[in-house]
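Asker: missing the sequence, but the structure's below:
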């Protein structure tokens, strides 16, 4: 079946109308480029466990929806340690890329308990072009609930 489908799709004597009538996909002769995401995601801290901060990244137009917005391939996320958010984006530390809308960052023992951490993120498209960064959100290391390992297993 695939060779016949491919032959129909490649045949120059068959019109696009005839291909559609046969149920064959008509390729876009002039595909449009993916647009750069025009809006920043909204971040919300969902869990804090010692030095591990978990946060949700949501579409500001559909904040209750967990999926990424249409045209968004992934998310780049950053952190900054300090009492106030940095005044320039270049001060943020790159933490990673993800296709998930929930992210955890383990700051480990290198960041003192009580330190303030700022998080930011931006969407990118399939051409790896980034949109605007989110407003920074703050969290305090060690401010969340920490359960002993034995209790975590039993819970």
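Answerer: The structure has been received and is ready for your questions. For clarity, every value in this text was computed on a predicted model and none was experimentally measured.
Asker: ok now stretch 24-37, how far from the chain's centre?
Answerer: Relative to its parent chain, stretch 24-37 has a centroid offset of 23 Å by CA atoms, centre = their mean, to the nearest Å.
Asker: Now residue 46: which helix or strand?
Answerer: strand 42-49 (DSSP states H and E).
Asker: by contact count, what packs against that strand?
Answerer: The contact analysis (3 or more CB pairs under 8 Å, 6 or more residues apart in numbering; DSSP states H and E) places strand 42-49 against strand 52-58, strand 116-124, strand 137-140. C-beta here means a position set from N, CA and C on the backbone, and glycine is covered the same way.
Asker: got the angle for it vs strand 52-58?
Answerer: If you take axes from the mean of the first three to the mean of the last three CA atoms, to 10 degrees, strand 42-49 sits at 160 degrees to strand 52-58.
Asker: Which residues does the longest helix along the chain contact?
Answerer: Ranked by residue count, the top helix of the chain under DSSP state H comes out as helix 2-10. Outside helix 2-10, the residues that touch it by CB atoms under 8 Å, 6 or more residues apart in numbering are 14, 19, 22, 24-25, 27.
Asker: cool, stretch 59-74 as well?
Answerer: 34-35, 37, 39-42, 56, 58, 75, 97-99, 101-102, 123-126, 128.
Asker: give me the beta-bridge partners of the residue most central in space within the chain?
Answerer: Centroid-nearest residue in the chain, with CA atoms, centre = their mean: residue 75, separated by 2.8 Å. For residue 75, the beta-bridge assignment (DSSP bridges) gives partners residue 98, residue 123.
Asker: what residues are up against it?
Answerer: Contacts of residue 75 (CB under 8 Å, 6+ apart): 41, 57, 68, 97-101, 103, 121-124.
Asker: Using JSON lines, lay out these together with pLDDT and neighbour count.
Answerer: Formatted as JSON lines, those follow (pLDDT from 0 to 100; neighbours: other CB atoms under 10 Å):
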{"residue": "41", "pLDDT": "97", "neighbour count": "26"}
{"residue": "57", "pLDDT": "97", "neighbour count": "22"}
{"residue": "68", "pLDDT": "95", "neighbour count": "19"}
{"residue": "97", "pLDDT": "97", "neighbour count": "12"}
{"residue": "98", "pLDDT": "97", "neighbour count": "14"}
{"residue": "99", "pLDDT": "96", "neighbour count": "9"}
{"residue": "100", "pLDDT": "96", "neighbour count": "12"}
{"residue": "101", "pLDDT": "96", "neighbour count": "18"}
{"residue": "103", "pLDDT": "97", "neighbour count": "19"}
{"residue": "121", "pLDDT": "98", "neighbour count": "25"}
{"residue": "122", "pLDDT": "97", "neighbour count": "21"}
{"residue": "123", "pLDDT": "97", "neighbour count": "26"}
{"residue": "124", "pLDDT": "96", "neighbour count": "18"}
